[in-house]
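Colleague: Give the three-dimensional model of this entry:
(chains A and B)
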There are 2 protein chains.
Amino acid sequence: MSNGTSEMEIIQERLRPLLEAGRVEELAALLLELELHPSDVADLLEALDDTESQAALLRSLPAELASDALAEMEEGDDRADLLGALEPHKTAELLNELPDDDAADLIGDLEPLDAARILAALPLEDAADLRGLLQYDEETAGGLMTTELVAVRAEMTAGEAVDEVRRQGREVEDFYVIFVVDEQRVLQGTVPLGELILADTESLVSDLVQEVPVTLTADVDQEEVGRLLSRYNLVSVPVVGLRGELLGRITFDDVIDVIEAEQTEDILRLAGVSDEEEVRGDWWESVQSRLPWLFVNLLTASAAASVVFIFGNTVEEVWYLAAIMPIIAGMGGNSGTQALAVTVRRIALSDGPLERKSDAVAKELLVGLVNGIALGLLAAAAAWGAAEWFSLDPQLPFVVLFALWGNIVVAGFAGAFIPTVLHRFGVDPAVASSVFVTTLTDLFGFSLLLGLGSVFLL
Amino acid sequence: MSNGTSEMEIIQERLRPLLEAGRVEELAALLLELELHPSDVADLLEALDDTESQAALLRSLPAELASDALAEMEEGDDRADLLGALEPHKTAELLNELPDDDAADLIGDLEPLDAARILAALPLEDAADLRGLLQYDEETAGGLMTTELVAVRAEMTAGEAVDEVRRQGREVEDFYVIFVVDEQRVLQGTVPLGELILADTESLVSDLVQEVPVTLTADVDQEEVGRLLSRYNLVSVPVVGLRGELLGRITFDDVIDVIEAEQTEDILRLAGVSDEEEVRGDWWESVQSRLPWLFVNLLTASAAASVVFIFGNTVEEVWYLAAIMPIIAGMGGNSGTQALAVTVRRIALSDGPLERKSDAVAKELLVGLVNGIALGLLAAAAAWGAAEWFSLDPQLPFVVLFALWGNIVVAGFAGAFIPTVLHRFGVDPAVASSVFVTTLTDLFGFSLLLGLGSVFLL
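Modeller: You can find the predicted model right below:
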């Protein structure tokens, strides 16, 4: 038992010397003694630098712990290398210990040849099940589900159902909800395990069955799976085929991982980082994931630069307008980003069709008008001071006021309007909005500043 | 049963006319007929504009559905107004239906006077329980937990334990895990309900008990609660007192809400929106939450402006440097934001002390060097073309290359270094990093561009 990190830190003090010396067998003995959780063992595996030490540690552990730790490691190349380094019969032994969704995820990491080699080492029936799961896209309900579940028939009594749960339950990990099916295995509903136990043994399952607020087909996107499970507080959600027949279930823990992954994706996309980049990936992966977006940004920044170039005459005459450009660009960019973040988040957390329709764009316009006049007046006052002090053109404060105000209004509008439109056309609003918004505010802001400048200050 | 949104859209078509006409009683009848889930009823309540219609709808519904729908509504002023509009005895009736954590959340929304009025209308014992929960900070384990749980003694047989579960379980919603305690109610571990049913009725609970990978005290921050429950895939996590005595439990559905709320907070903070702002809040709330940050940004942008002002002579002589400023600022800002988002996310998803220590700052420096030379050469080539065409200074491409390269390297460094340092000093890295990073890249970028410009182009 550990109360969070402090006890883990003490454990770490005992493990680290063994870890650093690569003394794998002693490490295995110690972490069995400490009864470490598979998630902690997974961290230890990741902390070992070379694949050989990782494989040696896995071999020294009981198969149940080793397989759970493998399942808890981060998906990706490191785990695939480790799995490839194990003997096929060892891998098969470990996969046998795991629920089929975790086993399929592990195999999904591998190169096709390695995957085929390992599937061949598994019992025929298990291999067929896994091949079935591997057909589904990883980021769909089918890719998340396990086929291992407990299902009973509606016409059973509660007592018979409990016996059936006892029979099926030995093969299944973490079942909290019993699925109720008819003779065609079409889903009728669910009974929480607790309700089944509370019920009189003679009562019928058909009287206990609860409607499922949501059933998924295997092709539903994982983001939608997360949204529905979180909306309806479900510990486990059924996946059905076209006739309504029960195919599998998705449990809350897989969904928590999905919610975290989707939100990482949103933050990175908003910042112009492709969702291919792993948060702990190496530098080359980062270069590949970020350079294309920076290249797009170089083009859009060049568009802003050409606005300045077009107004070259004004800049040459009224050089101090160049000093005001960073203020216009910065405030526009930041106001736009604020509106964008709130709108993107609002779309992500959308409650579906019954949600109150309120107008995000109108709200952001209003916020822009108010913030714009407040900041515009402040900046104009500073510009007035500077104009007095350095004997600049006395009309400068008015140019600053209207350029800043206008740009902040446009930024708020664009920050709300662009993601809303992208979302309506089925484009992820996080991915492209930020380019459009900052380009628009730069182009508009500089045009307004230099345009006003060329009218009033030349 | 609904397969996601499409069926909801059909339902919506039937509900909307009643909703818009405010025909509350017919609405109540229809949604009972449709067997809508409380989460859907909560959306309907939110879609009704005035508090009186909302209260009327609640009064027309059975208490169980009405209370669950209330609990599913978004926290905040609207819900507090609705609760205040109900008669105290009605509110008390609804609160009685709810688990104590949901009831405490509802009361927590209210003004102190309203809260006292409603607590007075509740049975003495329930009111005392709720007062106990209301002591805890809303954003801690204590604020999330319910005291309603099922606990058995280690010396019982499995059969006795199942009987005990039957006795206690009628009062408790959604129990998936049975807690095992000693005579002092000190937590010994847990038994999943499924394991208890599978076990031989004569076997002892003490032989079935599993160690809990993590126990929390009531003061642990909700963000840490979310991290631990997600790390250890727990459906329910115990909260204990100082002597290890069992106080309550937190279930996965509360934690999913926390994870979503924390991630909204991170995205908004990175964009310079205070975490006070609700995603669906009104315009005045948005002005208040964003204006302070924009004001800070006006100051930092002014610092960048004064760099340009200091190099006024250079800008006056070589006016086209002003056209290059947006490129330098834009590329620096974006590279910095990329590094920042990845680093902040890496910190948020940190796996604790056993995680492999790798150097985020060194990686970002390397990424900056590579991205910087690639983009710098590209921009220099464009500058060379422009210099030829418009007969500008032939040294311009070199100034552009080194200014852009240098700024992108500094941006990557700052984007990784600043959040890491803030985190080490216990400051949320999402909240302040973005100001520091963009200020630094603007200041450094303009100094480098105009400094190089004044040496090579004057």
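Colleague: Name all residues that make contact with the residue of the stretch 51-200 of chain A found nearest chain B.
Modeller: Nearest to chain B, among the residues of the stretch 51-200 of chain A, is A:Tyr176, at 4.5 Å (Cβ to the nearest Cβ). Just so you know, the C-beta spots here come from the backbone N, C-alpha and C atoms, and that holds for glycine as well. Residues counted as contacts of A:Tyr176 (Cβ atoms under 8 Å, 6 or more residues apart in numbering or on different chains) are A:192-193, A:235-236, A:251, B:176, B:193-194, B:235.
Colleague: Buried only: go through those for me.
Modeller: A:192-193, A:235-236, A:251, B:176, B:193-194, B:235 (16 or more other Cβ atoms under 10 Å in any protein chain shown).
Colleague: Just the ones of these in strands?
Modeller: A:192, A:236, A:251 (DSSP state E).
Colleague: could you dump those to a markdown table with pLDDT?
Modeller: Shown next, in a markdown table, are these (pLDDT from 0 to 100):
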| residue | pLDDT |
| --- | --- |
| A:Pro192 | 91 |
| A:Ser236 | 91 |
| A:Thr251 | 91 |
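Colleague: Within reach of chain B, which of those residues are there?
Modeller: The residues of these that also fall near chain B, by Cβ under 8 Å from any Cβ of the partner chain, are A:Pro192.
Colleague: How is chain A divided into domains?
Modeller: A:5-135, A:151-261, A:283-456 (automatic domain parsing).
Colleague: thinking in terms of the whole chain, how far from its middle is the first one?
Modeller: The reference is to domain A:5-135. Offset of domain A:5-135 from its chain centre (Cα atoms, centre = their mean, to the nearest Å): 24 Å.
Colleague: Equivalent analysis for the longest one, please.
Modeller: On the basis of Cα atoms, centre = their mean, domain A:283-456 is displaced by 28 Å from the centre of the chain it belongs to.
Colleague: Which one of the contacts of A:Tyr176 is nearest to A:Val209?
Modeller: Proximity to A:Val209 was ranked across the contacts of A:Tyr176 by Cβ to Cβ; first place goes to A:Pro192, at 10.6 Å.
Colleague: Correct me if wrong: that closest one contacts B:Asp174.
Modeller: Yes: counting by Cβ atoms under 8 Å, B:Asp174 is a contact partner of A:Pro192 at 7.0 Å.
Colleague: what about the helices in the stretch 201-350 of chain A?
Modeller: With helices called from DSSP state H, counting those that start in this stretch, the stretch 201-350 of chain A shows them at A:205-208, A:222-231, A:252-270, A:283-310, A:312-317, A:321-348.
Colleague: Of those, flag the one that's most buried.
Modeller: helix A:321-348 (a mean of 27; mean count of other Cβ atoms under 10 Å in any protein chain shown).
Colleague: Report the inter-axis angle for that helix versus helix A:252-270.
Modeller: Between helix A:321-348 and helix A:252-270, the angle comes out at 160 degrees (axes from the mean of the first three to the mean of the last three Cα atoms, to 10 degrees).
Colleague: Output the contacting helices and strands for the helix or strand encompassing A:Gly412.
Modeller: Element membership for A:Gly412, per DSSP states H and E: helix A:396-424. Judged by 3 or more Cβ pairs under 8 Å, 6 or more residues apart in numbering or on different chains; DSSP states H and E, helix A:396-424 is in contact with helix A:321-348, helix A:360-390, helix A:429-456.
Colleague: could these be laid out in TSV, adding distance to chain B?
Modeller: Output for the helices and strands packed on helix A:396-424, formatted as TSV (distance: least, Cβ to the nearest Cβ, whole Å):
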stretch	distance to chain B
helix A:321-348	3
helix A:360-390	5
helix A:429-456	6
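Colleague: Out of the ones you listed, the one nearest A:Arg243 is which?
Modeller: With Cβ to Cβ, the closest approach to A:Arg243 among those belongs to helix A:321-348: 32.7 Å.
Colleague: Run the angle between that closest one and helix A:283-310 for me.
Modeller: Angle of helix A:321-348 versus helix A:283-310, following the same axes, to 10 degrees, is 130 degrees.
Colleague: and helix A:321-348, what's its mean pLDDT?
Modeller: Across helix A:321-348, pLDDT averages out at 90.
Colleague: Next one: the closest residue to A:Val220 other than its chain neighbours relative to B:Gln263, how far apart?
Modeller: Spatial nearest neighbour of A:Val220, chain neighbours left out: A:Ala141 (4.4 Å); criterion: Cβ to Cβ, 6 or more residues apart in numbering or on different chains. As judged by Cβ to Cβ, to the nearest Å, A:Ala141 and B:Gln263 stand 22 Å apart.
Colleague: and what of A:Pro429?
Modeller: Taken as Cβ to Cβ, the span from A:Pro429 to B:Gln263 is 16 Å.
Colleague: Likewise for A:Ala103?
Modeller: 29 Å.
Colleague: same deal with A:Ala271?
Modeller: A:Ala271 is 14 Å from B:Gln263, by Cβ to Cβ.
Colleague: do the same with A:Ala381
Modeller: 39 Å.
Colleague: A:Ile178 now?
Modeller: 33 Å.
Colleague: do A:Glu138 as well
Modeller: Distance of A:Glu138 to B:Gln263, given as Cβ to Cβ: 22 Å.
Colleague: Equivalent analysis for A:Asp219, please.
Modeller: 26 Å.
Colleague: list the contacts for A:Val409?
Modeller: Listed by Cβ under 8 Å, 6+ apart, the contact set of A:Val409 reads A:365, A:368-369, A:372.
Colleague: okay, now the closest residue to it other than its chain neighbours: neighbour count?
Modeller: Nearest residue to A:Val409, sequence neighbours excluded (Cβ to Cβ, 6+ apart): A:Gly368, at 4.1 Å. By the criterion of other Cβ atoms under 10 Å in any protein chain shown, A:Gly368 has 31 neighbours.
Colleague: would you put the C-alpha positions of the helix or strand containing A:Val180 in CSV?
Modeller: Assigned by DSSP H and E, A:Val180 belongs to strand A:177-181. The C-alpha coordinates for strand A:177-181 follow below in CSV (Å, rounded to 0.1, in the frame of the first residue of the first chain):
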residue,chain,number,x,y,z
VAL,A,177,-21.6,-5.5,-15.2
ILE,A,178,-23.4,-8.7,-16.5
PHE,A,179,-24.7,-8.5,-20.0
VAL,A,180,-28.1,-9.9,-20.8
VAL,A,181,-28.7,-11.5,-24.2
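Colleague: Below-threshold pLDDT in the stretch 251-400 of chain A: ranges please.
Modeller: A:351-358 (pLDDT under 70).
Colleague: can we see that at 90?
Modeller: A:253-255, A:257-290, A:292-294, A:296-297, A:300, A:341-362, A:390-392 (pLDDT under 90).
Colleague: Next, find the distance separating the residue sitting nearest the centre point of chain A from chain B.
Modeller: Residue closest to the average C-alpha location in chain A (Cα atoms, centre = their mean): A:Glu262, at 1.6 Å. From A:Glu262 across to chain B, the span is 9 Å (Cβ to the nearest Cβ, to the nearest Å).
Colleague: which residue sits closest to that residue, ignoring its sequence neighbours?
Modeller: A:Glu223 is the one closest to A:Glu262 (Cβ to Cβ, 6+ apart), at 5.2 Å.
Colleague: pLDDT score for that neighbour?
Modeller: Note on A:Glu223: pLDDT of 87.
Colleague: which residue packs closest to A:Glu277, ignoring adjacent ones?
Modeller: A:Ser289 (3.7 Å).
Colleague: Same check on A:Ile259?
Modeller: A:Gly226 (4.6 Å).
Colleague: and the one you found, what is it in contact with?
Modeller: Contacts of A:Gly226 by Cβ under 8 Å, 6+ apart are A:255, A:258-259, A:262.
Colleague: now, which of those residues sits nearest chain B?
Modeller: Taking those together and measuring to chain B by Cβ to the nearest Cβ, the closest member is A:Ile259, at 5.9 Å.
Colleague: Tell me the spacing between the closest one and B:Thr264.
Modeller: 12 Å.
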